[in-house]
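Student: quick one: sequence and predicted model below, then my questions.
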Amino acid sequence: MTMVQAIGAALHDAMEADDRVVVFGEDVGRQGGVFRVTDGLRSTFGKQRCFDTPLAESAIVGAAVGMAIRGFRPVPEIQFDGFTYPAFDQIVTHLAKYRSRTRGLVNMPVTLRVPSFGGIGSPEHHSESTETYWAHTAGLKVVVPSTPSDAYSLLRDSIELDDPVVFLEPKRRYWAREDVERGKRTEPIGKAAVRRAGDTVTVVTYGGLVVTALEAAAVAHDEHGWDLEIIDLRSLVPLDFDTVAASVVKTGRCVVLHEGPRTLGMGAELAARVQEELFWNLEAPVLRATGFDTPYPPARLESIWLPGVDRLLDTVERSLTYDHA
C-alpha cells in the first residue's frame with residue numbers, strides 16, 4: 001500500500017467507524033483530491049460526508065471549527081502546504097484556542113490534513129515547511145508520518161482525539177510502499193521511533209527526510225565506519241524528548257535534520273532542549289542540517305536547496321571532528 005492509499009484507507013475506516021467524521025476541501029469530493037487521497041469516499045459515504053468547498057482556505061477551517069462545535073469530527077484538507085497561510089487567522093485564533101477559551105467545555109476534534117514539504121518539483125507555494133508555525137501555536141498537536149503504516153495509524157489516532165491536529169503529509173513519501181494492516185495501530189501520537197540504532201551520532205528528523213537520514217547512515221557506515229542512530233519524531237507536538245535524550249546520552253552528539261529554513265526551525269528548539277537538559281553529556285554542540293533562509297526556490301534548484309545525504313554527512317563530520325580547545 002502506498003502512503004496515499006494508507007491515508008485514504010484511514011479516512012475510509014474512520015468514516016465507517018464514526019458517522020460524525022466528515023471530509024471536505026478543494027476537489028476532495030468528485031475528483032478525489034489532487035493526489036487522489038480521498039478517491040471513492042464520496043461514492044461510498046455520500047456528498048453530505050465528503051464534499052468539495054470553494055477555493056477559500058479560511059472558510060474551510062472556519063467551517064471545520066463550526067462543525068466541531070456542533071458535534072462533528074471534521075477532517076478538512078488544505079490542498080497544499082503554502083495554501084494554509086490564508087487560513088492562518090482561523091487556525092491560530094480559533095482552532096487552536098477554542099478548548100481553552102471554553103475551559104474545556106467545547107471539544108475541537110478537527111484534523112487538518114496538509115500535503116506538505118518539498119521534493120516533488122512543484123511551483124511556488126506547493127513545497128512549504130510550515131511545521132514551526134503550528135508547533136509554536138499552543139493548543140495544536142502537530143503530526144508528521146514518514147511511512148504508510150504510520151500515516152494510517154497516526155491519522156486514525158488524530159481523528160479520534162478531542163484536540164485539533166495539524167497532520168502534515170510529506171508529499172515526497174506519497175508513493176512509498178509497504179505492507180499496511182488496516183485496523184492495526186503503530187506507536188501512538190507523542191512517541192518517536194528509532195529507525196536505525198547506532199552509537200556514533202544521534203540524527204533527529206521527521207517526515208520525508210527520514211529516508212535521507214537512513215541513506216546517509218548507510219553511506220557513513222560503509223565509507224567511514226560511523227554508526228548513526230536515526231530518530232523519527234513522528235509527532236512534533238507532543239514531542240517525545242525522552243527518546244531523543246536517551247539516544248544523545250548514548251552517543252554524546254546530536255544533529256537535527258529538517259527541510260525548513262534554519263532560523264527558528266525545529267532544529268533550533270531541539271538544540272535548545274538538548275543543550276539545556278543534556279549539556280554535560282555532549283561531546284560537541286548540537287548541529288543542524290537544514291534548508292536555507294530563503295524563499296523556497298524554483299523546481300530546477302530544489303535539489304540544491306533541500307538538505308540531502310551530502311549536507312547531512314558534512315554536518316555529522318563537523319560534529320565528530322569538533323575540537324574542544
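Tutor: Alright, I've got the coordinates.
Student: packing partners of the helix or strand harbouring residue 156?
Tutor: Assigned by DSSP states H and E, residue 156 falls within helix 148-160. In terms of contacts (3 or more C-beta pairs under 8 Å, 6 or more residues apart in numbering; DSSP states H and E), helix 148-160 is packed against helix 3-17, strand 111-116, strand 141-143, strand 165-170. Where C-beta positions appear, they are placed from N, C-alpha and C, glycine not excepted.
Student: chain center to it: distance?
Tutor: Averaging C-alpha positions (C-alpha atoms, centre = their mean, to the nearest Å) puts helix 148-160 12 Å from its chain's average.
Student: how about stretch 64-83?
Tutor: 17 Å.
Student: cool, stretch 277-290 as well?
Tutor: The answer for stretch 277-290 is 23 Å, by C-alpha atoms, centre = their mean.
Student: and residue 19, how many neighbours does it have?
Tutor: Using other C-beta atoms under 10 Å, the number of residues around residue 19 comes to 11.
Student: could you check the pLDDT of the closest residue to it other than its chain neighbours?
Tutor: The shortest distance from residue 19 to any non-neighbouring residue, by C-beta to C-beta, 6 or more residues apart in numbering, is to residue 49 (7.6 Å). pLDDT recorded at residue 49 is 98.
Student: unless I'm mixing things up, residue 49 is touching residue 16, no?
Tutor: No: with contacts counted by C-beta atoms under 8 Å, residue 49 stays clear of residue 16, the gap being 10.6 Å.
Student: can you give me the buried ones in stretch 258-268?
Tutor: 258, 259, 260, 261, 265, 266, 267, 268 (16 or more other C-beta atoms under 10 Å).
Student: give me the residues contacting it.
Tutor: 117-119, 129, 131-132, 135, 205-209, 236, 256-257, 288, 290-294, 306-307 (C-beta atoms under 8 Å, 6 or more residues apart in numbering).
Student: ditto for stretch 301-319
Tutor: 118-119, 121, 127, 201, 203, 209, 212-213, 215-216, 219-220, 226, 228, 253-255, 257-259, 284-285, 287-292, 294, 296-297.
Student: now do stretch 284-292
Tutor: Outside stretch 284-292, the residues touching it (C-beta under 8 Å, 6+ apart) are 129, 252-262, 265, 267-268, 270-271, 274-275, 305-307, 311-312, 314-315, 318-320, 322.
Student: looking at it now, give me its mean pLDDT.
Tutor: 98.
Student: and stretch 8-22, by the same measure?
Tutor: 98.
Student: stretch 304-313 too?
Tutor: For stretch 304-313, mean pLDDT is 97.
Student: end-to-end on it?
Tutor: 15 Å (C-alpha to C-alpha, to the nearest Å).
Student: just the buried positions in that stretch, please.
Tutor: Counting neighbours by 16+ other C-beta under 10 Å, one finds that the buried residues in stretch 304-313 are 305, 306, 307, 308, 309, 311, 312, 313.
Student: and the last one, helix, strand or coil?
Tutor: The local conformation at residue 313, judged by DSSP: H, G, I helix; E, B strand; the rest coil, is helix.
Student: quick one: contacts for the spatially most central residue of the chain?
Tutor: Nearest to the geometric centre of the chain sits residue 144, at 2.1 Å (C-alpha atoms, centre = their mean). If you count contacts by C-beta under 8 Å, 6+ apart, residue 144 has them with 116, 131, 168, 170, 206, 207, 233, 234, 235, 236.
Student: distance between stretch 19-33 and the chain's centre?
Tutor: Centroid separation for stretch 19-33 versus its chain: 21 Å, with C-alpha atoms, centre = their mean.
Student: output it as PDB - backbone C-alpha positions only.
Tutor: Output of stretch 19-33 as PDB, limited to C-alpha atoms (Å, rounded to 0.1, in the frame of the first residue of the first chain):
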ATOM      1  CA  ASP A  19     -20.700   8.800  11.300                       C
ATOM      2  CA  ARG A  20     -19.600  12.200  12.800                       C
ATOM      3  CA  VAL A  21     -16.500  12.100  10.700                       C
ATOM      4  CA  VAL A  22     -16.800  14.300   7.600                       C
ATOM      5  CA  VAL A  23     -14.200  15.000   4.900                       C
ATOM      6  CA  PHE A  24     -14.100  18.200   2.800                       C
ATOM      7  CA  GLY A  25     -11.800  20.600   1.000                       C
ATOM      8  CA  GLU A  26     -10.900  21.800  -2.500                       C
ATOM      9  CA  ASP A  27     -11.500  19.000  -5.100                       C
ATOM     10  CA  VAL A  28     -11.700  16.200  -2.500                       C
ATOM     11  CA  GLY A  29     -15.200  15.100  -3.400                       C
ATOM     12  CA  ARG A  30     -15.800  14.400  -7.100                       C
ATOM     13  CA  GLN A  31     -12.200  14.500  -8.100                       C
ATOM     14  CA  GLY A  32     -10.800  12.600  -5.100                       C
ATOM     15  CA  GLY A  33      -8.200  15.200  -4.300                       C
END
